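S.K.: this is a predicted model, with the sequence first.
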Amino acid sequence: MEVNKKEESMAVSGFLLKERVLRQGAEARVYRASFLGRSSVVKERFSKKYRHPVLDRRLSDRRTLQEVRCILRCRRAGIPTPAVYFVDYTSHCIFMEDIVDSVTVRDHIASTQRRSDPSSALEQLVPLAAKVGRVLAQMHQEDVVHGDLTTSNMLLRKSQDPAELGLVLIDFGLSSVSALPEDKGVDLYVLEKAFLSTHPNTERLFQELLNSYVASSKKSSPVIKKLDEVRLRGRKRSMVG
Amino acid sequence: MPVVIGFEGSANKIGIGILRDGEVLSNPRRTYITPPGQGFLPSETARHHRSVILCLLQEALDQAALGPADIDCVAYTKGPGMGAPLVTVALVARTVAQLWGVPLVGVNHCIGHIEMGRLITRAHNPTLLYVSGGNTQVISYSERRYRIFGETIDIAVGNCLDRFARVLKISNDPSPGYNIELMARRGTQYVELPYTVKGMDVSFSGILSFIEEAANKMLASSQCTAEDLCFSLQETLFSMLVEITERAMAHCGSKEVLIVGGVGCNLRLQEMMGVMCEERGAKLFATDERFCIDNGAMIAQAGWEMFRSGQVTKLKDSWITQRYRTDEVEVTWRD
Amino acid sequence: MHTSHRLELYPEQTVTQLLFKCVKNAKELRKSVMEGKIDAAFINPKMLVDPFQVLVAANKAVHLQTIGKMKTRSLYSEVIFNLSPTNNISEAFKRFGISDTDDSVLVVLITTEGESQVLADVVEKVDGQQIPVAELSTLNDVTQIKKLYKVTPQEEKLGSLLDSVVCRMAIKDVL
C-alpha cells in the first residue's frame, strides 16, 4: 500500500478540515479533535506563502522537530508540557494532550487586573510569578531554551487547587537545547518584553519572577548578567559597520 | 498655518524639507556615496554634509518659493545616528533658528519616519516595521509611546545588506540595497542561509558572518551566482522581518502594517509583506523612495506634530545623541 | 470484550484488540506468526499500560506504511516496534512480542471493512481465555514498564504513566 508523500498530507489535512479551530497564530493553527478516542489538540504548522518554498519547508520541519524534542526533554525533567501522541512530519502536525479547563497566564493576569484594584491584583499574582520563575529555572537547568516565552504560551489549569497553580508550558517551536548563559538570558529578555508590553505596569511582578528564578537556580548569575547586557544592547547599538 | 523646516543628516543622506499643514513644499536631498567595497565613516560623512548643507538649504527655500521670514519653526534630527554628521546638521539648524528667531524642535529620527509614513499613507493605527541601515524595529503605538515590540538584537537589516554588498563589491550608487534588489531579481537558485528569530526579535549577525565567509567561496566554485546570493539573502532576511511583524500583529490584533525606513523601498519586501497581510485580511501601507529614504520633510512633519502639541527644544537642550530609543519620546500629539 | 476503533486519520482501517489469559499455545502462535500463517500482532501485555498505547502504535504504523517509511518489514511488526521506547528493532520484539512461555497475549488486528471473519479466525487459534481488554491492568507490570520506558520520578508527577509512555513512543525516532 504505497502512497506518496503528497497524498499523505491530504489524509491529515482532510481530517482537520472537519475539526474545530481553537485558535490561529502567525504560523500554526490549533484544532481540538478526538484522536484515538481521546480529546486532543492538533497543532498544524501551515505553509506561509510569503516564504520561499524551500525555506518554508525547512522552517516547518525544523520547528516541528524542535518542538517535540524539547517537549520530551522537559517532561523527563518534570517540567510540565503537554504529552505528544503522534507527529506527522509530512504535514507538520503534532497531535497532543488537550490541557482541559485551562486558561492562558495572559488571560488570567488580565482578568485578575480587571476585577481588582491594581495593588490588590499584583498581590494576588505574586505566587503565580514566583511559580513561573521556578519552572523557568528548572527548564534552563535542563538546558532547554524556549525561544518564544510569552504569557500566552503558559497555561494555568483551572480545576486544581488554586494554591497548587498547575502551570503548563506550550509552543516550543522556537526552542533549542543550549547551555549558554547568553541564550538563557535572551530567553528571559524575550519574556520580559512580551510580559511588559502585554501587561503594562507589572514591572514588580516580573521582578518577583526573576527573584524566584534566581532563588531556584544554581547557575543563574551568568544568565542574569547576560540578561542585563541584552537589555542595554538596544541602547548601545552603533549605526554603521 | 505654521511652516516647518526639517533638517536630517544622521547617516549618509542629508536632506532639508519644508512642510506646511501636511503639504510637502520642498524636499531636496544629497547622498554621500562611497566607492564599491567601502562603507561611510563619520568624519568623511560629516565633511560631505558640511560641504552641501548651505546649498541644500537655499534649494529647499527656493523650491518652496519661500524665504526665511516665512519659516515658523526649525526641526532637526536629535538622534539616533552617527555623531559627527548629526552635529554638523544640528549646528546649522540651531544657527538658523536663532537667526530667524523661531523655535527649535529636536526630533527622534525614527519618529520622523513614522510620522511621515502616517501622513503620506493615512494609515490609521498600523503595526510599524522600521527598517534601515541603522535600525530594525517593529513598533506599535500605545498610550503615548511608540513601543518597540520586536527588534534586532545585533545589527540592522540595512547594515547587513550594505556589508554584504561590500563583500561582493557591489556599487553603492545610488545605494547598495537598491543594487542588491536589482541583482536579486535576476537570481534563480535559493541558497540555504541561517535564519534566526528569537521570540519577537531577530538576529542578523549570524547570517552576515556566514555569507561574508561563504560568498566568495561559493562564487569561485560556481555553486551559484552573485544574483542567486542576493536573491537568497533577501528572501531570508525579509522572511525574518515579515515573521516578526506578523507576530506583533497577532499579539496586538492589528489589521494594518506600515513599512518605513530606507529598506522599506525594497519592492520584494513590500511584496512579501503584502502576501502576509492578504492572508490575514490586513492592509499594507508603504511609501516610495522620496519618503522611505532619510529626508528632511519627515523631520519637519514630526517636528510640526511635536510643536503643535506644545513641545519645543530649548537651545541648551539642543544637543544630539547617537542613541535615542523610539520609546523614549512622549507622543503628546496622539491619544 | 474486544475493542475496536476506527482510525480517525485512516477511516478505512479499524484497529481491534483482543486480550487473552491462561494461554497454553504461545509457542505455536509465535511460530505461526513467524511463518506468516497468522496476520496479526501478538503482544506481551506485561508492558502495556492501556489500550490507547496500542492504538497510538497502530496509528503510527498505518501512517508510516502509507508514506512508505516503515522501519520494519510488515505492518504488524511495525506496530510492535512502535511500542518500544528505543529504535532497536530486535529489542522491541524481545520486550513486546510474545515468547514461548507467555501465558497471556494481546492480539491486535488492523482490518478494513468486511474483514470481520478475520477476527473469528484469530480467536479460534488462541488456546486461552478471552477477557475484556479493559482488564489489561491486571496483567501488566507497572514497575517493569517504568523501568523500560525510563520514566523519571519527577515526570510521574506531571501526569499519568500512559502519557509518559505514549510521549516516548511518539518522539523516539527524532531523538
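M.R.: Done, it's in.
S.K.: need the contact list for A:Ser212.
M.R.: When contacts are counted by C-beta atoms under 8 Å, 6 or more residues apart in numbering or on different chains, A:Ser212 touches A:Ala129, A:Ala130, A:Lys131, A:Val132, A:Gly133, A:Arg134, A:Ala137. All C-beta atoms are positioned from the backbone trio N, CA, C, and that covers glycine.
S.K.: skipping its backbone neighbours, what lies nearest it in space?
M.R.: Spatial nearest neighbour of A:Ser212, chain neighbours left out: A:Gly133 (2.9 Å); criterion: C-beta to C-beta, 6 or more residues apart in numbering or on different chains.
S.K.: buried stuff in the helix or strand harbouring the one you found?
M.R.: Taking DSSP states H and E as the definition, A:Gly133 sits inside helix A:118-141. Neighbour-count burial for helix A:118-141, counted by 16 or more other C-beta atoms under 10 Å in any protein chain shown, picks out A:121-122, A:125, A:128-141.
S.K.: same for that helix, what does it pack against?
M.R.: Under the contact criterion of 3 or more C-beta pairs under 8 Å, 6 or more residues apart in numbering or on different chains; DSSP states H and E, helix A:118-141 touches helix A:105-115, strand A:167-169, helix A:181-198, helix A:203-216.
S.K.: in CSV: those, plus mean pLDDT.
M.R.: What follows is those, written out as CSV (pLDDT from 0 to 100):
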stretch, mean pLDDT
helix A:105-115, 92
strand A:167-169, 95
helix A:181-198, 90
helix A:203-216, 95
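S.K.: and these: which comes nearest B:Glu227?
M.R.: Closest of the helices and strands packed on helix A:118-141 to B:Glu227 is helix A:181-198, at 34.2 Å (criterion: C-beta to C-beta).
S.K.: just the C-alphas of the closest one, formatted as PDB.
M.R.: What follows is helix A:181-198, C-alpha atoms only, in PDB (Å, rounded to 0.1, in the frame of the first residue of the first chain):
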ATOM      1  CA  PRO A 181      24.000  31.800  29.600                       C
ATOM      2  CA  GLU A 182      23.600  34.200  26.600                       C
ATOM      3  CA  ASP A 183      20.800  32.100  25.100                       C
ATOM      4  CA  LYS A 184      19.100  31.700  28.500                       C
ATOM      5  CA  GLY A 185      19.500  35.400  29.100                       C
ATOM      6  CA  VAL A 186      17.900  36.200  25.800                       C
ATOM      7  CA  ASP A 187      15.100  33.700  26.600                       C
ATOM      8  CA  LEU A 188      14.300  35.800  29.800                       C
ATOM      9  CA  TYR A 189      14.600  39.000  27.800                       C
ATOM     10  CA  VAL A 190      12.100  37.800  25.300                       C
ATOM     11  CA  LEU A 191       9.700  37.100  28.200                       C
ATOM     12  CA  GLU A 192      10.300  40.400  29.800                       C
ATOM     13  CA  LYS A 193       9.500  42.300  26.700                       C
ATOM     14  CA  ALA A 194       6.400  40.200  26.000                       C
ATOM     15  CA  PHE A 195       5.300  40.500  29.600                       C
ATOM     16  CA  LEU A 196       5.700  44.200  30.000                       C
ATOM     17  CA  SER A 197       4.200  45.100  26.600                       C
ATOM     18  CA  THR A 198       1.200  42.900  27.200                       C
END
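S.K.: report all helices and strands that that helix contacts.
M.R.: helix A:118-141, strand A:144-145, helix A:203-216, helix A:220-236, strand B:145-151, strand B:197-198, strand B:201-202, helix B:226-252.
S.K.: list the buried residues for that helix?
M.R.: A:181-195, A:197-198.
S.K.: no further queries at this time; thank you.
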